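Chemist: Compute the structure for the input listed below.
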Amino acid sequence: MSERRADVIGSKRFSDDTVQVLNSLTLNAKRCKQSFSSCSEIVEHASGLNEERRLSALSELWLGQALRGDKGPAIDDATLNAYMQSARYAYAYLFYTRRTPAERAFDQRGPR
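Modeler: Have a look, this model is predicted:
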């Protein structure tokens, strides 16, 4: 169960849900870390993903980018921007998708 709930914060790797989104777009986590801009662009504009999956994956991708850049007491602009992008996508996921936060309170993440 803990393996299934692993995410970029706790285990330093993307959650299963984000990995599934990447796989559905013929991407992988390693390539996304190496070429983050193109990977996040593909996820943002790909057809075939519902908005909840897209926004939650983008939030986790940007959070991973921020955590990789956050190496000391001072945060550079790129790292701060990555944290802000993650927060924007998380907010959009929670409040601008079809279901309300209360409707998905007990979900692992989003609908499959």
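Chemist: Pull the number of nearby residues for residue 9.
Modeler: Using other Cβ atoms under 10 Å, residue 9 is surrounded by 11 other residues. Where C-beta positions appear, they are placed from N, C-alpha and C, glycine not excepted.
Chemist: Phi and psi next, for residue 73.
Modeler: phi -70, psi -30 (degrees, to the nearest 10).
Chemist: what's the neighbour count on it?
Modeler: Counted with other Cβ under 10 Å, residues neighbouring residue 73 total 5.
Chemist: Excluding residues flanking it in the chain, which one is nearest residue 29?
Modeler: Distance criterion Cβ to Cβ, 6 or more residues apart in numbering; nearest residue to residue 29, sequence neighbours excluded, is residue 14 at 5.1 Å.
Chemist: Not counting the helix or strand of the chain with the lowest mean pLDDT itself, show me its contacts.
Modeler: None of the helices or strands of the chain scores lower by mean pLDDT, DSSP states H and E than helix 29-34, at a mean of 90. For helix 29-34, contacts defined as Cβ atoms under 8 Å, 6 or more residues apart in numbering pick out 13, 14, 18, 19, 22, 39, 40, 61, 64, 68.
Chemist: Swap in 6 Å and give it another go.
Modeler: Residues external to helix 29-34 that are found in contact with it (Cβ atoms under 6 Å, 6 or more residues apart in numbering): 14, 39.
Chemist: Also stretch 53-69?
Modeler: Here stretch 53-69 makes contact (Cβ under 6 Å, 6+ apart) with 8, 14, 18, 21, 36, 40, 43, 78-79, 82-83, 85-86, 89-90, 92-93, 109-110.
Chemist: ditto for stretch 74-89
Modeler: Against stretch 74-89 from outside (Cβ under 6 Å, 6+ apart): 55, 58, 59, 62, 63, 65, 66, 69, 70.
Chemist: re the thing from before, distance of the residue nearest to residue 29 relative to residue 107?
Modeler: Using Cβ to Cβ, to the nearest Å, one gets 17 Å for the distance from residue 14 to residue 107.
Chemist: Of those two, which one has the most company?
Modeler: Higher neighbour count among residue 14 and residue 107: residue 14, with 23 against 12, using other Cβ under 10 Å.
Chemist: what pLDDT does the more buried one get?
Modeler: Model confidence at residue 14, expressed as pLDDT, equals 90.
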